[in-house]
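**Q** sequence unknown, structure follows:
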């Protein structure tokens, strides 16, 4: 089953939301693949990067995100955990970890506790280079319907991350250097 088919199946009648998430995810996938190809690292799994980028927000389907047409019960912050559950049930454990680890530049136990987030108390940060590439690419695109095609400038990404601390911006700066953007 293709990533697009999985998204369609899980979003079901929430076709507006599915279209938004799919458009967003296609932009993320294109940027992630461009980064990966530029690195010329033969160890990178390009197919996995593309699939994981297309599926990273599948968990949004069960959230209460009325701005994009989702009427689930879970708060949006849980979409990574929900996505992990969905993709593990679909037999995609590597993809599932990308879902869980892609929020911002990753969430640590300290982040979860400091912000009183309704998440399991465990680190959820991208560990592999493929995970970091998808997470990095996701930072440049919004799911806001009017902004779907806008790729953020690194300064916009920095400003968004700064709300969560300079340590988050520092991670982004490391990724900018690693991925030579």
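**A** Yep, that arrived. Because the structure is a prediction, the values reported are computed rather than measured.
**Q** now the strands: where do they sit in the chain?
**A** 64-65, 70-71 (DSSP state E).
**Q** The ones you listed: which one's closest to residue 177?
**A** strand 64-65 (33.0 Å; Cβ to Cβ). To be clear about C-beta, it is placed using only N, CA and C from the backbone, and glycine gets the same treatment.
**Q** can you pull the pLDDT of residue 18?
**A** Here the pLDDT value assigned to residue 18 is 92.
**Q** Could you pull up phi and psi at the residue with the largest distance to the centre of the chain?
**A** Residue farthest from the centre of the chain, counting by Cα atoms, centre = their mean, is residue 42 at 23.5 Å. Dihedral angles of residue 42 (phi, psi; degrees, to the nearest 10) stand at phi -70, psi -10.
**Q** Quick check: can you name the pairing partners of the helix-or-strand element of the chain with minimal mean pLDDT and their directions?
**A** When each helix and strand of the chain is scored by mean pLDDT, DSSP states H and E, strand 70-71 comes last, with a mean of 88. Paired with strand 70-71 in the same sheet, following DSSP bridges, are strand 64-65 (antiparallel).
**Q** for the strand it pairs with, what is the average pLDDT?
**A** 93.
**Q** Would you mind pulling the contact partners of it?
**A** Applying Cβ atoms under 8 Å, 6 or more residues apart in numbering, the external contacts of strand 64-65 come out as 17, 70, 71, 72, 73, 74, 75, 76.
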